[in-house]
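Visitor: Give me coordinates for this.
(one chain, ligands or ions: 1)
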Amino acid sequence: MVECNVDDCGEDATFFYTWAWGEEGACCDGHRAHLESKSGQLGREITFTPTGEKTKREYKTPSLQVIAPEVGQLRMQLAALATKNQELEAAIVERDERIGRLTAELRAARHETPPEAPAPSVIEGRPMADTPVERGATPKRR
Ligand SMILES: [Zn+2]
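Guide: Numbering: from 1, shown residues only. Got it, this is the predicted structure:
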């Protein structure tokens with residue numbers, strides 16, 4: 001049997017009650033009157049359901065079943081996002097290292113290239129394709 005939970009009463013409850021803001025409980029006949037007057041004082045609605053109908057138990061069970069899978073899904077999404085985040089952070093680190101390497105290579109290449117090196121094709125009036133490639137590479141001739 002359900003007990004009245006108003007003010008630690010402990011009497012057998014005859015009603016389940018639900019406040020307008022969702023708070024639920026069980027109460028005896030005496031405390032139903034108490035809650036009704038409290039409801040009037042607060043100006044907030046309270047609804048009563050006789051305990052004999054067992055609506056509370058039937059109501060609670062499906063609501064838990066509805067919530068649980070959603071919570072499970074959200075937790076899985078959270079785990080997936082955390083993993084994805086780790087992967088992206090690793091990729092960022094990798095890319096930073098690559099940028100560092102390429103920047104160093106670029107700096108070295110600029111250092112090796114003589115700044116006064118002209119574009120021979122313009123000076124000699126020949127198309128770029130026929131310009132001999134400098135530094136070791138043998139130009140391909142048709
Ligand atoms: Zn009571």
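Visitor: if I read this right, residue 34 contacts residue 6, doesn't it?
Guide: Yes. Applying Cβ atoms under 8 Å as the test, residue 34 and residue 6 come out as touching, 6.5 Å apart. Any C-beta I mention is one placed from the backbone N, CA and C, and that applies to glycine too.
Visitor: what's the longest helix belonging to the chain packed up against?
Guide: Counting residues, the longest helix found in the chain (DSSP state H) is helix 55-112. The criterion is 3 or more Cβ pairs under 8 Å, 6 or more residues apart in numbering; DSSP states H and E, and there are no helices or strands that helix 55-112 contacts.
Visitor: Find residues that contact each of residue 34 and residue 6.
Guide: residue 27 (Cβ atoms under 8 Å, 6 or more residues apart in numbering).
Visitor: Neighbour count for the two, which is higher?
Guide: residue 6 (20 against 16; other Cβ atoms under 10 Å).
Visitor: residues touching the more buried one, list them.
Guide: With Cβ under 8 Å, 6+ apart, residue 6 has these contacts: 25, 27, 28, 31, 34, 35.
Visitor: phi, psi of the last one?
Guide: This points to residue 35. phi -70, psi -40 (degrees, to the nearest 10).
Visitor: Equivalent analysis for residue 21, please.
Guide: Backbone dihedrals for residue 21, given as degrees, to the nearest 10, come out at phi -90, psi 10.
Visitor: Roughly how far does it sit from residue 44?
Guide: 7 Å (Cβ to Cβ, to the nearest Å).
Visitor: In this structure residue 30 contacts residue 11, no?
Guide: Yes. With contact taken as Cβ under 8 Å, residue 30 and residue 11 are classed as touching, separated by 7.2 Å.
Visitor: Out of these two, name the residue with the larger neighbour count.
Guide: residue 11 (16 against 13).
Visitor: Would you agree the more buried one is in contact with residue 4?
Guide: Yes. Residue 11 is in contact with residue 4 according to Cβ under 8 Å; the separation is 4.5 Å.
Visitor: Common neighbours of these two, please.
Guide: With Cβ under 8 Å, 6+ apart, residue 11 and residue 4 have common neighbours 28, 31.
Visitor: hang on, the earlier thing: next, format the contacts of residue 6 as a markdown table and append pLDDT.
Guide: Shown next, in a markdown table, are the contacts of residue 6 (pLDDT from 0 to 100):
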| residue | pLDDT |
| --- | --- |
| 25 | 94 |
| 27 | 95 |
| 28 | 95 |
| 31 | 95 |
| 34 | 95 |
| 35 | 96 |
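Visitor: Alright, calling it a day.
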